[in-house]
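Q: task: produce atomic coordinates for the following.
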Amino acid sequence: MMPKQRPRLLITGAAGALAQQVISQLKDRYDLVAVDFREQVYLGDDIPSYCIDFNKRVFEDLFRRYHFEGVIHLGRIQSSQLTRMRRYNANVLGTQKLLDLSHKYGIRRVVVLSTYHVYGAVAYNPALIDEGAPLKAAGLSADLVDSVELENLANIYLWRYPDLNITILRPCNIVGPGVRNTMSTLLASERAPVLAGFSPMMQFIHIDDMADALVLAYQKPVRGVFNVAPEDWVAYQHALKLCGCKRVLLPSVPPIVPQLILKTLNLRSFPSYLLAFFKYPVVIDGRAFARQFDFAPRRPLQEIFRYYRDNKRPV
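A: Model prediction:
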């Protein structure tokens, strides 16, 4: 009697630390195929890994060859990476191609990673932002247009093709070992910028907890959009203090601030849209996801900050 074939999943964004955490959790239960358009990564002899542009014809060959049951789409390029046009091609057109192929080849489950940045940072945000709040980011910064369009696109497919069972997750700041986003870089630095007169509340989720959330979301096919965040937040300047960062006070008037940050921290790039998030709180309500998927973060803020305090990156 032949052994029962395990379900096969496609994981995008395989070069990222979060995708590799998800792969580590799922590899014993599923046959996985990993893709990233930036680079090919080795994930073990039993996990095929590809470097493919989603907009190229060869990407469809994977769907024909592997007969995927589901997709976990973690391949969103951050606004601090690549040029605006290349990000748009990857985030929006690449996601559209992925969802088109998922529908064409009968995929039964899709999880899409978004970001809380789509809400935008403005002075009149509510104290706690739920999933029904408008996505104001595109009107505030051109660097976030592709993030909002990716979400809007996934929402269209969510309602147009219910058979795809799409779940969209909007996490707060993902941090921890291996994370290479701007916030993680700042927390790891010996010096970090603060804007004069501002210290907004922020939320942080450990990469291990975010991987847990993605796995839970995939395994329970509940369609919809969900914030993912702990019921805990901390003022930005206090978070820097707990991470052992020396705070560098900067004027809060652009456009000189991004250049000052680059010079002060010796960074190659700094997304200007983050300046608004250093001014105004964007605290998201993650209770709906916690209830629906029985999710509770295991890594408290103290553990997150201790990691950065003990692993300082010289400037």
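Q: every contact and neighbour count from this point should use C-alpha atoms.
A: Noted.
Q: what does stretch 130-145 contact?
A: The contact list for stretch 130-145, computed with C-alpha atoms under 8 Å, 6 or more residues apart in numbering, reads 79, 84, 117-121, 148, 225-227, 271, 273, 284-286.
Q: pull that stretch out as PDB, backbone CA atoms only.
A: What follows is stretch 130-145 as a C-alpha-only set of coordinates in PDB (Å, rounded to 0.1, in the frame of the first residue of the first chain):
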ATOM      1  CA  ASP A 130      -9.400  47.700  14.200                       C
ATOM      2  CA  GLU A 131      -9.600  46.000  10.800                       C
ATOM      3  CA  GLY A 132     -12.400  48.200   9.600                       C
ATOM      4  CA  ALA A 133     -10.300  51.400   9.700                       C
ATOM      5  CA  PRO A 134      -9.500  53.100   6.400                       C
ATOM      6  CA  LEU A 135      -6.100  52.500   4.800                       C
ATOM      7  CA  LYS A 136      -4.800  56.100   4.700                       C
ATOM      8  CA  ALA A 137      -1.100  55.300   4.000                       C
ATOM      9  CA  ALA A 138      -1.200  55.700   0.200                       C
ATOM     10  CA  GLY A 139      -2.400  59.200   0.500                       C
ATOM     11  CA  LEU A 140       0.300  60.100   3.000                       C
ATOM     12  CA  SER A 141       3.400  58.600   1.300                       C
ATOM     13  CA  ALA A 142       4.200  57.400  -2.200                       C
ATOM     14  CA  ASP A 143       6.500  54.800  -0.600                       C
ATOM     15  CA  LEU A 144       3.500  53.000   0.800                       C
ATOM     16  CA  VAL A 145       1.400  53.000  -2.300                       C
END
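Q: and the pLDDT at the closest residue to Pro48 other than its chain neighbours?
A: Nearest residue to Pro48, sequence neighbours excluded (C-alpha to C-alpha, 6 or more residues apart in numbering): Val33, at 5.1 Å. In this model, Val33 is scored at 97, pLDDT.
Q: for the stretch 101-250 of the chain, which segments count as strands?
A: Remark: strands assigned in the stretch 101-250 of the chain by DSSP state E, counting those that start in this stretch are 109-113, 166-171, 173-175, 191-195, 201-202, 204-206, 224-228, 234-235, 246-250.
Q: mind putting those strands into a markdown table with mean pLDDT?
A: A markdown table is the format used below for those (pLDDT from 0 to 100):
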| stretch | mean pLDDT |
| --- | --- |
| strand 109-113 | 97 |
| strand 166-171 | 98 |
| strand 173-175 | 97 |
| strand 191-195 | 85 |
| strand 201-202 | 96 |
| strand 204-206 | 98 |
| strand 224-228 | 98 |
| strand 234-235 | 97 |
| strand 246-250 | 85 |
